[in-house]
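Visitor: Generate coordinates for the sequence data below:
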Amino acid sequence: MPINPITHYQQVLSMALEDRSSGYQDLVSNSNPLLAILKRKGLWKEYSGPRIRETLQIAKPDGQWYAGYDLLANAPIELFNDAYFTPKMVATPITLSYEEILNNQGTNQIMDVMESYIDAAERSLMDTMEEAIHSDGTGFGGKELGGLALAVPIVEDAGTYGGISRADNSIWRTSTFDADTDFPAIGTQVSSTTIRPMLNQIMTQRSRNRSGADLLLMSPEHYAAYDAATVAIQRINDENSMGKLGFQSLKYYGAGRTADIVQAGGIGSSMPANTTYGLDTSSLRMRYNPSRNFSKLFEGEGMKPINQDAVVQYIGFMGELTMVNPLFTWRFYDSDPAT
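Guide: You can find the predicted model right below:
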């Protein structure tokens, strides 16, 4: 008889997942700069029901100056409406065959195997969410989370987002700037000499008072250009927020504003080349179902396939990235880097 019965290994798998699952939201958020900032700001928010609704202020009442017995206007106005988003579901499998279990009897051996499988599943989970954050939501037949390619598209006046037509509602559009055409007084390429004046022009146009982009997600090309634009004595490394989380980051100072600059590209990254996202993170939300927040899909020891000698468990998430105000969010890209 084995030292530990097979059921014990199943229970060990269950307990190991239970012990680690409480930290999966941190694990995922700390792997992506946008998700990390949303987590830090308390913008990972629960939802309930079949749809995620975000209340939008779509108009404002006009102020009016008056004197004495002047009549005061009070025409009815629709101030608020809702954008709605369909939550998406994702799951990462953890599978152990009984051959692996039987070949690794004893607590120490099985925990080594289990750690490897759970670590692999967690890396897969982080990679899956990283890809989704940069996606347009069309992957897997439209079942993928709608990421920045959908929230901040190149063509800003077409399509529907959150159930609202961008073609028909200008207030529901982000902004797009093409280095090749939109900066005739500066140049047509992103380089160490043009990137700062280009960013300054964008930040001036797309900010107001205290509102504006506070996170600049840069592809390696743009990050290298900005890094080269700052000599050592001027370069300001971000060691207090994004830097502490291990991201390669700088600080932007210009046009009377500051923002975190984070390189979002790299090996296996889905960040588009020659691109910077200027994100007003206070307008973004990661909405999640509290019953499926990077938690186990199946209670207890997992599932046993009827035609396989194995035990299977999943780490699952259900939710969506949403936006409540696109006014201060933008995309800066170079449509023709060679010219």
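
Visitor: burial measure for residue 302, as a count.
Guide: Neighbours of residue 302 under the rule other C-beta atoms under 10 Å: 21. C-beta: built from backbone N, CA, C; applies to glycine.

Visitor: Skip the chain neighbours and tell me the closest residue to it.
Guide: residue 313 (3.7 Å; C-beta to C-beta, 6 or more residues apart in numbering).

Visitor: any idea how far the one you found lies from residue 66?
Guide: 68 Å (C-beta to C-beta, to the nearest Å).

Visitor: Just the local confidence number for residue 188, please.
Guide: pLDDT for residue 188: 94.

Visitor: Surely residue 200 forms part of a helix?
Guide: Yes - counting by DSSP: H, G, I helix; E, B strand; the rest coil, residue 200 is part of a helix.

Visitor: So it sits against residue 255, correct?
Guide: Yes - counting by C-beta atoms under 8 Å, residue 200 does reach residue 255; the two are 4.5 Å apart.

Visitor: ok, and residue 122, which helix or strand is that part of?
Guide: helix 107-133 (DSSP states H and E).

Visitor: no wait, residue 39
Guide: helix 33-40.

Visitor: Give the buried residues for the helix or strand following that helix.
Guide: Per DSSP H and E, the first helix or strand lying C-terminal to helix 33-40 is strand 44-46. The neighbour-count check on strand 44-46 (16 or more other C-beta atoms under 10 Å) flags residue 44 as buried.

Visitor: what's the next helix or strand after strand 44-46 packed up against?
Guide: For strand 44-46, the succeeding helix or strand toward the C-terminus, using DSSP H and E, is strand 52-57. For strand 52-57, the elements it packs on are strand 80-85, strand 310-323, judged by 3 or more C-beta pairs under 8 Å, 6 or more residues apart in numbering; DSSP states H and E.

Visitor: so what strands line up beside strand 52-57?
Guide: Using DSSP bridges, the strands paired with strand 52-57 in its sheet are strand 80-85 (antiparallel).

Visitor: From the chain's centre, how far out is whichever helix or strand comes after the strand it pairs with? Work that out for me.
Guide: Sequence-wise, the next helix or strand downstream of strand 80-85 (DSSP H and E) is strand 88-97. Put simply, strand 88-97 sits 21 Å off its chain's centre (C-alpha atoms, centre = their mean, to the nearest Å).

Visitor: same check, this time on stretch 70-77
Guide: That offset, for stretch 70-77, works out to 42 Å (C-alpha atoms, centre = their mean).

Visitor: Then stretch 254-267?
Guide: Distance, centroid of stretch 254-267 to centroid of chain: 15 Å (C-alpha atoms, centre = their mean).

Visitor: before we move on, what about stretch 180-191?
Guide: Between the centre of stretch 180-191 and the centre of its chain there are 28 Å (C-alpha atoms, centre = their mean).

Visitor: export it as CSV, just CAs?
Guide: What follows is stretch 180-191 as a C-alpha-only set of coordinates in CSV (Å, rounded to 0.1, in the frame of the first residue of the first chain):
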residue,chain,number,x,y,z
ASP,A,180,3.6,60.6,-39.9
THR,A,181,0.9,63.2,-40.5
ASP,A,182,-0.1,65.1,-37.4
PHE,A,183,3.0,67.0,-36.5
PRO,A,184,4.1,68.9,-39.6
ALA,A,185,6.0,71.6,-37.6
ILE,A,186,8.0,68.8,-35.7
GLY,A,187,8.6,66.0,-38.1
THR,A,188,7.3,62.7,-39.5
GLN,A,189,9.2,60.2,-37.4
VAL,A,190,9.5,59.3,-33.8
SER,A,191,13.1,59.9,-32.7
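
Visitor: Show me which positions of that stretch end up buried.
Guide: So for stretch 180-191, counting by 16+ other C-beta under 10 Å, buried means 180, 182, 183, 186, 188, 189, 190.

Visitor: Please apply the same query to stretch 138-145.
Guide: Neighbour-count burial for stretch 138-145 [16+ other C-beta under 10 Å]: 144, 145.

Visitor: repeat for stretch 280-296
Guide: So stretch 280-296, judged by 16+ other C-beta under 10 Å, has buried residues 280-289, 292-296.

Visitor: what's the burial count for residue 165?
Guide: By other C-beta under 10 Å, neighbour count at residue 165 equals 12.

Visitor: how close does it get to residue 84?
Guide: 13 Å.

Visitor: Could you do residue 296 as well?
Guide: 29 Å.

Visitor: swap in residue 49?
Guide: Taken as C-beta to C-beta, the span from residue 49 to residue 84 is 10 Å.

Visitor: Strands along the chain, start to end?
Guide: 44-46, 52-57, 80-85, 88-97, 160-161, 164-165, 175-178, 215-218, 249-254, 257-263, 275-279, 284-296, 310-323, 330-333 (DSSP state E).

Visitor: So for residue 41, which of the helices and strands packed on strand 52-57 sits nearest?
Guide: strand 310-323 (14.1 Å; C-beta to C-beta).

Visitor: quick check: angle from that closest one to strand 88-97?
Guide: Between strand 310-323 and strand 88-97, the angle comes out at 160 degrees (axes from the mean of the first three to the mean of the last three C-alpha atoms, to 10 degrees).
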